[in-house]
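**Student:** I need the structure of the sequence given here:
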Amino acid sequence: MLSSRRVLSFVGICAVAWAALASVSFAADAPAKKVDVEKLQKIQKAGINYLKNSQLEDGLWTTETVPGISALVTTALLESGVPASDPVVAKALKRLEGYIQKDGGIYYSKSNHRNYETCISIMALHAANKDGRYDQTIKNAEKFLRGLQWDKGEGIESSDTFYGGAGYGGHQRPDLSNTQFLIEALRKAGVKSDDPAIQKALVFVSRTQNLESEFNTTPFASKVNDGGFYYTPAAGGTSQAGTTPDGGLRSYGSMTYAGLKSMIFAGVDEKDKRVKAATEWIRRHYTLKENPGMGLMGLYYYFHTFAKALDAMQVDEFKDEKGTAHNWRAELVNQLAELQNENGSWTNTQKRWYESDPNLATAYALLALSYCQPAK
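**Tutor:** Coordinates of the predicted model:
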């Protein structure tokens, strides 16, 4: 099984090119603090043990009606080094197989989150797919996801703000959160960055960025124009961080990292104006104390996208707007160690988006930590 960091290397962006980008200035002036490997291993082990002990008798976590949580937990365990043969993981995988539908999707039969659940399930099955036993299941799920994407099959043109995006399931309004999971799931399924589905998704992602350009001519782009990302331009536009007095959609942290990561996965390189603008937004708002623009809401989701995006950029140290160099892996390990509960779990005091559920928050935390192995 390939490591998660190795999987993300498919974007083909070399670390040297990123570090040499003058306008971003990733390289540190002095060595940053190193990852405390002992601390990393200790909190990972505690988190793994918590999730193993919180598994329900039927092999799931939290509830059978939301298999996305169980798929996320399973992925987190696998990416944390727990083998697919481990009894807890094997039981979880067997149970997830029960959600495979005739249409190729992997979701609860009455679910309204079919895209989300299928995307996360693909990630879990991919991480467990040592012997190719899930090849056909993943291929069928890939086909199902393609059918959910908003495009001409739904009678819309490329100029429509729905175009290229994906929602929670069925044909709900598309948003960046679900679209970033779609892109990542398709890549895990072996879809190349220049595939039409990925490139259509990139059209949608570009329109969720507050950057007026040939890639985004929506009425929202010029009202904020700070390079960050928000939730969706579709159906009148929505930002979970709220609006400006003139109707602009405010950028916020988790979506900005999700948007930047998605662009890299879609093959956009470091010289592109969209990547440059997003990176500058991160420089101005670099923090692990909160989800910028949202406070503590969605904090663990934020940690997850933060780690994936910076790993995809292939940077070990990141310099903020003040010139301070950050070993982001070391800082993330320290922050998660500080937030971990005595029983090994993580929880968010802000209940929004289910992050008060220790299974979900702990899965996000472990996935973030899976990108924190010291740089070689």
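
**Student:** all helices in the stretch 251-376 of the chain, in order from the N-terminus.
**Tutor:** Counting by DSSP state H, counting those that start in this stretch, one finds helices in the stretch 251-376 of the chain at the ranges 253-265, 273-285, 299-312, 328-339, 358-369.

**Student:** Pick the most buried one from those.
**Tutor:** helix 253-265 (a mean of 28; mean count of other Cβ atoms under 10 Å). C-betas here are computed from N, CA, C, even on glycine.

**Student:** How about the contacts made by T74?
**Tutor:** 89, 92-93, 96, 124, 127-128 (Cβ atoms under 8 Å, 6 or more residues apart in numbering).

**Student:** Run the chain-centre distance for the strand or helix carrying it.
**Tutor:** Using DSSP states H and E, T74 sits in helix 67-79. With Cα atoms, centre = their mean, to the nearest Å as the basis, helix 67-79 stands 13 Å off its chain's centre.

**Student:** Likewise for stretch 195-202?
**Tutor:** That offset, for stretch 195-202, works out to 17 Å (Cα atoms, centre = their mean).

**Student:** What of stretch 341-354?
**Tutor:** 18 Å.

**Student:** what's the answer for stretch 264-280, then?
**Tutor:** Counting by Cα atoms, centre = their mean, stretch 264-280 comes out at 16 Å from the chain centroid.

**Student:** Test my guess that K223 contacts S251.
**Tutor:** No. The criterion here is Cβ atoms under 8 Å, and K223 misses it with S251 at 11.1 Å.

**Student:** Of those two, which one has the most company?
**Tutor:** Higher neighbour count among K223 and S251: S251, with 26 against 17, using other Cβ atoms under 10 Å.

**Student:** check contacts around that one.
**Tutor:** Applying Cβ under 8 Å, 6+ apart, the residues near S251 are 210, 224, 226-230, 239, 241, 281, 293.

**Student:** and if you look at G153?
**Tutor:** Counting by Cβ under 8 Å, 6+ apart, the residues that G153 touches are G147.

**Student:** If we use 10 Å, what do you get?
**Tutor:** 146-147, 171 (Cβ atoms under 10 Å, 6 or more residues apart in numbering).

**Student:** what is in contact with K223 and S251 at once?
**Tutor:** The contact lists of K223 and S251 share N210, where a contact means Cβ under 10 Å, 6+ apart.

**Student:** Check which helices and strands the biggest helix by length in the chain is in contact with.
**Tutor:** Counting by DSSP state H, the longest helix found in the chain is helix 37-53. Contacts defined by 3 or more Cβ pairs under 10 Å, 6 or more residues apart in numbering; DSSP states H and E place helix 37-53 against helix 67-79, helix 87-97, helix 328-339, helix 358-369.

**Student:** what about 8 Å?
**Tutor:** The helices and strands touching helix 37-53, judged by 3 or more Cβ pairs under 8 Å, 6 or more residues apart in numbering; DSSP states H and E, are helix 67-79, helix 328-339, helix 358-369.

**Student:** Which among these is found nearest to G165?
**Tutor:** Checking the helices and strands packed on helix 37-53 against G165 by Cβ to Cβ gives helix 67-79 as the closest, at 18.4 Å.

**Student:** Just the CA trace of that closest one, in CSV.
**Tutor:** Presented in CSV, the C-alpha positions along helix 67-79 are these (Å, rounded to 0.1, in the frame of the first residue of the first chain):
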residue,chain,number,x,y,z
PRO,A,67,-21.6,5.5,6.9
GLY,A,68,-19.4,8.5,5.9
ILE,A,69,-18.2,8.7,9.5
SER,A,70,-17.3,5.0,9.6
ALA,A,71,-15.6,5.3,6.2
LEU,A,72,-13.6,8.3,7.4
VAL,A,73,-12.6,6.5,10.6
THR,A,74,-11.6,3.4,8.6
THR,A,75,-9.5,5.6,6.3
ALA,A,76,-7.9,7.3,9.2
LEU,A,77,-6.9,4.0,10.8
LEU,A,78,-5.4,2.6,7.6
GLU,A,79,-3.5,5.8,6.9
